[in-house]
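Participant: below is the structure, and that's it, no one-letter string:
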């Protein structure tokens, strides 16, 4: 039995196979309609979510399975003091696989250590968001035809953004990846990412504050919102939330084959006018997320690929 806590839990070769399955799902969806018939996915979401929770639910329903769970800690026995470990032991009696989101870093890992079913980390605090990373890699692979030899710009909240941390960890395994880290000083990538991930792997990167200067060099621009829920001081949030706004003027500085990704939700960091640009790929990204989660569920449940 396997779990997914971190994007590095799968080797690059295993990810390639996962993406091939996801690609086949994209073009042959009907043949997967009964792949997980009789199986149940539990969505245990202790933190609000729209895309991730519904994407998991859509993925399981597309595979012919069923879904049960809760969408908020307030509607679970956590309000009575039940531990994550006890909850997953109970869930293991009801479901075949579990997707868990929790505001505390490491909570899904605790669940996985005692679970009787595969557990997928659907986001734990500011730590990891591996299925978003799989979605990001699948999107890059589909749009650019490769994941290697790319200059990737990461813009916005690089300090608290778990999607950013997960994506950096995953991309450093591919050759020729270069990073441009675009943020105000207060929201820089954490020191452990710079030292233990980038520098220890001899990855080329530079830190800048000006998005305009970075645009011409990028193959991928990964925008993020400044996350209000990660700030203790509302004044700091208000001061930094409008640091970077991507608009048509900035897009004019970019390559014709550059693509914009965003884990969503957006607030105002991407102007609505950019949605019409063919390089705006964030809504395609959402669709790729369903295909990837379908492939992941099948992989963890060891379901045979339909003929």
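Facilitator: Looks like it arrived, so ask away. Small disclaimer: the values here were computed from a predicted structure and weren't measured. Numbers count the residues shown, from 1 in each chain.
Participant: so after the helix or strand where residue 169 lies, what's the next helix or strand?
Facilitator: Using DSSP states H and E, residue 169 falls within helix 162-171. Downstream of helix 162-171, the next assigned helix or strand under DSSP H and E is strand 178-182.
Participant: angle of that following strand against helix 162-171?
Facilitator: Going by axes from the mean of the first three to the mean of the last three CA atoms, to 10 degrees, strand 178-182 is angled at 160 degrees with respect to helix 162-171.
Participant: just how off-centre is strand 178-182 within its chain?
Facilitator: Relative to the chain's own centre, strand 178-182 is displaced by 18 Å; criterion: CA atoms, centre = their mean, to the nearest Å.
Participant: show me where the stretch 1-150 of the chain has strands.
Facilitator: 40-45, 66-70, 97-102, 119-124 (DSSP state E, counting those that start in this stretch).
Participant: now render those strands as a markdown table, adding mean pLDDT and distance to residue 301.
Facilitator: (Glycine included, C-beta is placed from N, CA and C.) Formatted as a markdown table, the strands of the stretch 1-150 of the chain follow (pLDDT from 0 to 100; distance: least, CB to CB, whole Å):
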| stretch | mean pLDDT | distance to residue 301 |
| --- | --- | --- |
| strand 40-45 | 97 | 9 |
| strand 66-70 | 95 | 13 |
| strand 97-102 | 96 | 6 |
| strand 119-124 | 94 | 11 |
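Participant: now those as a markdown table including mean neighbour count and distance to residue 160?
Facilitator: Putting the strands of the stretch 1-150 of the chain into a markdown table (neighbours: other CB atoms under 10 Å; distance: least, CB to CB, whole Å) gives the following:
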| stretch | mean neighbour count | distance to residue 160 |
| --- | --- | --- |
| strand 40-45 | 24 | 19 |
| strand 66-70 | 17 | 25 |
| strand 97-102 | 27 | 16 |
| strand 119-124 | 27 | 12 |
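Participant: format those strands as a markdown table; extra columns: distance to residue 163.
Facilitator: Formatted as a markdown table, those follow (distance: least, CB to CB, whole Å):
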| stretch | distance to residue 163 |
| --- | --- |
| strand 40-45 | 17 |
| strand 66-70 | 22 |
| strand 97-102 | 13 |
| strand 119-124 | 9 |
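Participant: out of the ones you listed, which comes closest to residue 302?
Facilitator: strand 97-102 (10.7 Å; CB to CB).
Participant: give the pairing partners of that closest one; include direction for each.
Facilitator: Strand 97-102 has the following strand partners under DSSP bridges: strand 40-45 (parallel), strand 119-124 (parallel).
Participant: can you list the low-confidence ranges for the stretch 51-200 of the chain?
Facilitator: Applying pLDDT under 70 to the stretch 51-200 of the chain flags residues 72-79, 126.
Participant: helices along that one, start to end?
Facilitator: Using DSSP state H, counting those that start in this stretch, the helices of the stretch 51-200 of the chain run over 51-62, 84-91, 107-114, 130-144, 162-171, 191-192.
Participant: one more: the stretch 201-307 of the chain?
Facilitator: Secondary structure of the stretch 201-307 of the chain by DSSP H, counting those that start in this stretch: the helices cover 211-214, 234-240, 248-251, 282-300.
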